[in-house]
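Chemist: here's a sequence, model it:
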Amino acid sequence: MKSLFALCLGVSFLSAIGCAQDATVAEPPKTEQPVAPVTPAVTPPTDPPDRGFWKDLISPRALLATAPGTLLDQIHEFPKEWGDGVPGVEKRAASLYGQFVIGDLIERGVKSIHKENTRYRRRGDGNFFLRMEHIIVFTVVARKPDGGYTPAYSTLANDYGSWAIATLWSPHSLRNPASIFEWGTGNVGVRAGGNLLREFWPDVKSIFRKKKK
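Modeler: From the prediction side, this is the model:
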């Protein structure tokens, strides 16, 4: 993940002039004493406002949750029982879109009870391994309103719960705990991949901008 904090240091100096109190005994002049630099309060980054459930249904997020997966599932004919051709595409797209809608509802429901901020904030600095650690941690960890941290129950419930419900209309071969764990974990991996892009894509863009100059 952006350098979230930029520090601007302002340095000021106050001086006092020594003055003689006695004509015969001179008081040594006072030297200038630098005042410790004041670090301005850093305002934490603000997250964009929530679009709301209904707007999410026709958002780019909904498209990204449906289109790439439909294409990959169609290429690999997953699940095989749905076949290929237009009927297969329709079933896979409807299934993935249904998972998106159900997952969004689950996530919002959990957040209404357990207050969490699951928006990813990129680290933006440090070496590759520190940034990768940040990506992994904040794929499964959320921020609390008081500034602390908590497991991201809402997104994990989305990842596993949406697939668990989707098995109700999936072929019987997928209606088992192993399938729910496997594909739910796959959903977690997809979110981690999205965070990876959010963390490093600004760096990639800056490289291309420098080359154009």
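Chemist: tally of neighbours for the closest residue to His134 other than its chain neighbours?
Modeler: Once flanking residues are discounted, His134 sits nearest to Arg123: 4.3 Å by C-beta to C-beta, 6 or more residues apart in numbering. (C-beta placed from N, C-alpha, C; glycine too.) Arg123 has 19 neighbouring residues, counting by other C-beta atoms under 10 Å.
Chemist: quick check: Arg123 vs Ala94, distance?
Modeler: Using C-beta to C-beta, to the nearest Å, we find Arg123 at a distance of 38 Å from Ala94.
Chemist: likewise for Ser154?
Modeler: Distance from Ser154 to Ala94, by C-beta to C-beta: 24 Å.
Chemist: next, name the residue at the spatial heart of the chain.
Modeler: Geometric centre of the chain, nearest residue: Tyr120, 1.2 Å, by C-alpha atoms, centre = their mean.
Chemist: so it touches Leu196, yeah?
Modeler: No - assessed by C-beta atoms under 8 Å, Tyr120 is found out of contact with Leu196, at 9.8 Å.
Chemist: now do the top helix by length along the chain: distance to the chain's middle.
Modeler: Secondary structure of the chain per DSSP state H: the longest helix is helix 177-212. Its chain's C-alpha centre lies 10 Å from the corresponding centre of helix 177-212 when counted by C-alpha atoms, centre = their mean, to the nearest Å.
Chemist: where does the prediction get shaky in the protein?
Modeler: Within the chain, the segments meeting pLDDT under 70 span 1-48, 213.
Chemist: the more surrounded of Ser154 and Ala94?
Modeler: Per other C-beta under 10 Å, whichever of Ser154 and Ala94 has more neighbours is Ser154, with 24 against 13.
Chemist: the helices in the chain, which residues?
Modeler: Going by DSSP H, the chain shows helices at 53-56, 60-75, 85-113, 128-140, 153-166, 177-212.
Chemist: of all those helices, which lies closest to Gly147?
Modeler: helix 128-140 (14.5 Å; C-beta to C-beta).
Chemist: residues in contact with the residue nearest to the centre of the chain?
Modeler: Residues near Tyr120 by C-beta atoms under 8 Å, 6 or more residues apart in numbering: 1, 138-139, 194-195, 198-199.
Chemist: out of those residues, which is most surrounded?
Modeler: Counting neighbours by other C-beta under 10 Å, Phe138 comes out on top of the contacts of Tyr120 with 24 neighbours.
Chemist: separation between the closest residue to that one other than its chain neighbours and His172?
Modeler: The shortest distance from Phe138 to any non-neighbouring residue, by C-beta to C-beta, 6+ apart, is to Tyr120 (5.7 Å). Distance of Tyr120 to His172, given as C-beta to C-beta: 36 Å.
Chemist: can you tell me the closest non-neighbouring residue to Lys144?
Modeler: Counting by C-beta to C-beta, 6+ apart, Thr150 is the residue found nearest to Lys144 once chain neighbours are left out, at 5.3 Å.
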